[in-house]
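Chemist: return atomic coordinates for the entry below.
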Amino acid sequence: MSEHPHDRGDGTAAAWADLVATARRTVADGLVVGTSGNVSVRVGDTVLVTPSGVPYDRLTPDDLTGVDLTGRQVLGTLVPTSELPMHLAVYRTTGARAIVHTHAVHATAVSTLVPELPLIHYITAALGGPVRVAPYAAYGTDELAGHMLRALAGRTACLLANHGTIAYGASLDQAYDRTAQLEWMCRVWLTASSVPGLAPALLTREQVAEVGERLRGYGQRQAP
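Modeler: Reported below is the predicted structural model:
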């Protein structure tokens, strides 16, 4: 476990730098406070993950922390995040390459109000469909990881009751973008719901599913 990240030659050092940058971005963008939340990225069969209780602005290349898919520490000496069971559960059951977990304010507030985020915006489709709320369980437990996996079925993000958010993707940028989209939708719903005497108009599941189909072909296309 004393191996230096620059000696590996497998992209680990670059992945760690990206992970630290993403973790710092969650603080700068107000998605976490202090050391709450955590970030991970998979490199081969190794999961690089933010360590427990260390402010992100203090992390250096020498603080690289990594585990295998069973949770055994294989890189570094800092203790991995206490939320490691959630991260490993996602990697073992999905094609995720990166995960972002936050305690974002609006998303956490919504997690205390409803079992599923109301369909306030079509970008819901980009997360796989209606975003569910995983029932509460103590942080760092297998019970919470199980609740989370059920809420994530067919989705790339979910809310964790009285806790926060978790989102995954094929890259750190994608996992972060999905986290930010989820927080934005929660903020929109809370804002619209706060107007006295009015209730926000919601989309139907069919409308969201239609957008999901359109998003499959969204983006730049190759020139013929």
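
Chemist: what segments of this structure are strands?
Modeler: In the chain, the strands defined using DSSP state E lie at 38-43, 46-49, 66-68, 73-75, 98-102, 133-134, 157-160, 164-169.

Chemist: most tightly surrounded among these?
Modeler: strand 98-102 (a mean of 29; mean count of other CB atoms under 10 Å). Where C-beta positions appear, they are placed from N, C-alpha and C, glycine not excepted.

Chemist: now for it, which elements pack on it?
Modeler: helix 12-28, strand 38-43, helix 84-93, strand 164-169, helix 172-193 (3 or more CB pairs under 8 Å, 6 or more residues apart in numbering; DSSP states H and E).

Chemist: need the helix or strand of the chain with the lowest average pLDDT.
Modeler: Within the chain, no helix or strand scores below helix 205-215, which has a mean of 94 by mean pLDDT, DSSP states H and E.

Chemist: how distant is it from the center of its chain?
Modeler: Centroid displacement of helix 205-215 relative to its chain, using CA atoms, centre = their mean, to the nearest Å, is 22 Å.

Chemist: export it to PDB, keeping only CA atoms.
Modeler: The C-alpha coordinates for helix 205-215 follow below in PDB (Å, rounded to 0.1, in the frame of the first residue of the first chain):
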ATOM      1  CA  ARG A 205     -44.400   9.800 -17.200                       C
ATOM      2  CA  GLU A 206     -45.200   9.400 -20.900                       C
ATOM      3  CA  GLN A 207     -43.900  12.900 -21.600                       C
ATOM      4  CA  VAL A 208     -40.600  12.200 -19.800                       C
ATOM      5  CA  ALA A 209     -40.300   8.800 -21.600                       C
ATOM      6  CA  GLU A 210     -40.700  10.600 -24.900                       C
ATOM      7  CA  VAL A 211     -37.800  12.900 -24.000                       C
ATOM      8  CA  GLY A 212     -35.700   9.900 -23.000                       C
ATOM      9  CA  GLU A 213     -36.100   8.600 -26.500                       C
ATOM     10  CA  ARG A 214     -35.100  11.900 -28.000                       C
ATOM     11  CA  LEU A 215     -32.100  12.200 -25.800                       C
END
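
Chemist: thinking again about what came up before, tabulate the helices and strands packed on strand 98-102 in CSV, adding columns for mean pLDDT and distance to residue 73.
Modeler: CSV is the format used below for these (pLDDT from 0 to 100; distance: least, CB to CB, whole Å):
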stretch, mean pLDDT, distance to residue 73
helix 12-28, 96, 14
strand 38-43, 98, 13
helix 84-93, 98, 10
strand 164-169, 98, 22
helix 172-193, 98, 21
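
Chemist: brilliant, that's me finished.
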